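# okay, here's the prediction I keep looking at, along with the sequence it came from:
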Amino acid sequence: MTASIEIIPAGRLPRLDDRPLEKRIGLVILATDHTTEADFRRMVASDRIGVYVGRIHYANPVTPENLLEMQPSLTQGAGLILPDEALDVVMYSCTSASVVIGDGKIEAAIHAAKPGACVVTPTAAAVRALKVLGARQISVLTPYTIETSRPMADYFTRLGFAIDRFTCLGLSDDREMARIALDEIAAFARQALAPQSDALFISCTAVRAAQVAARIEAETGKPVVTSNLATAWACLRLCGDDQARPELGQLMTRPYGEG
């Protein structure tokens with residue numbers, strides 16, 4: 001039965017804004033990721049900045065070989081985020097894969113789908129963050145095995161950092177990495193930080209370390225950079241958000257241009 005209600009045309013089309021939100025950040029994240037979306041919702045998303053997520057296939061365990069297998073999916077993953085529309089920033093959310101694939105290859109793969117976007121990787125963001133904080137001697141904490149940690153040690157050494165202490169937790173499933181208790185992250189961080197280091201880097205976008213970075217800084221007196229804190233900071237600054245947020249850690253008080 002058809003309703004007898006008269007439907008009245010408005011007589012004109014509505015005026016459209018250029019965009020629903022002023023800035024667009026695309027996240028290319030692993031199918032198994034529990035942490036990146038929550039961290040970006042907490043630290044990055046706002047009425048001005050939209051965060052849009054595309055997931056790509058990934059299967060555990062975390063090994064250099066499995067990490068490399070994500071490389072062919074990067075272009076398609078980025079292209080599925082708001083297809084045919086421009087993004088301001090695209091962030092690939094896997095630290096250990098950024099090491100084994102390489103920042104340059106990731107940037108090229110994403111630019112094949114989103115040629116105008118700034119590309120952020122956790123490794124490149126962490127390097128810039130550590131430089132902004134004046135850190136040249138660092139300690140590193142990872143949730144990975146020794147096999148997966150080794151290329152990361154080589155990466156930071158190759159870029160001129162002196163590694164005073166490198167600690168790994170021996171996990172090979174990123175879903176378990178996401179479940180490491182916050183108190184445990186803080187406890188392992190205190191243990192991993194060598195006294196002579198300028199800063200501590202806690203690797204892995206799956207680990208909820210950004211939630212306790214400021215707490216670890218208060219307990220140790222040293223700056224702390226985590227994968228998701230570094231990428232969130234980089235994405236915000238690239239979108240023109242320079243607001244200081246000391247409650248998230250020292251890094252979030254620094255502009256992007258000091259590196």
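Noted; the coordinates are in hand.
# list the contacts of Thr141.
Actually, residue 141 is Leu rather than Thr. Shown here is Leu141, whose contacts under the criterion CB atoms under 8 Å, 6 or more residues apart in numbering are 167-169, 188-189, 192, 200-203. Any C-beta I mention is one placed from the backbone N, CA and C, and that applies to glycine too.
# 7 Å - rerun?
The contact partners of Leu141, by CB atoms under 7 Å, 6 or more residues apart in numbering, come to 167, 188-189, 192, 200, 202-203.
# from those residues, which land in helices?
Helix and strand membership here follows DSSP state H; of these, those in helices are 188-189, 192.
# which one of these has the most neighbours?
Highest neighbour count within the ones in helices among the contacts of Leu141, by other CB atoms under 10 Å: Ala189, with 25 neighbours.
# which residues touch that residue?
Neighbouring residues of Ala189 by CB under 7 Å, 6+ apart: 141, 200, 202, 216, 224.
# just put the residues you listed in JSON lines and tack on distance to Arg245 and pLDDT.
Conversion of those to JSON lines gives the following (distance: CB to CB, whole Å; pLDDT from 0 to 100):
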{"residue": "Leu141", "distance to Arg245": "23", "pLDDT": "98"}
{"residue": "Leu200", "distance to Arg245": "19", "pLDDT": "98"}
{"residue": "Ile202", "distance to Arg245": "18", "pLDDT": "98"}
{"residue": "Ile216", "distance to Arg245": "16", "pLDDT": "98"}
{"residue": "Val224", "distance to Arg245": "14", "pLDDT": "98"}
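# which of those residues sits closest to Arg128?
Compare each of the contacts of Ala189 with Arg128 using CB to CB and the shortest gap goes to Val224, at 15.3 Å.
# so, low pLDDT: which residues of the stretch 1-150 of the chain?
Regions of the stretch 1-150 of the chain meeting the criterion pLDDT under 70 cover residues 1.
# change it to 90
Scanning the stretch 1-150 of the chain with the threshold set as pLDDT under 90 gives 1-3, 59, 65-68.
# need the strands for it, in chain order.
Assigned by DSSP state E, counting those that start in this stretch, the stretch 1-150 of the chain shows strands spanning 23-30, 49-56, 89-93, 118-120, 137-142.
# how far away is the residue lying closest to Arg254 once chain neighbours are set aside from Ile110?
With sequence-adjacent residues excluded and distances taken as CB to CB, 6 or more residues apart in numbering, Arg254 is closest to Val132, at 4.9 Å. The span separating Val132 from Ile110 equals 23 Å under the rule CB to CB, to the nearest Å.
# hang on, the earlier thing: looking at the contacts of Ala189, which is nearest Thr32?
Using CB to CB as the measure, the one of the contacts of Ala189 that approaches Thr32 most closely is Ile202, at 19.2 Å.
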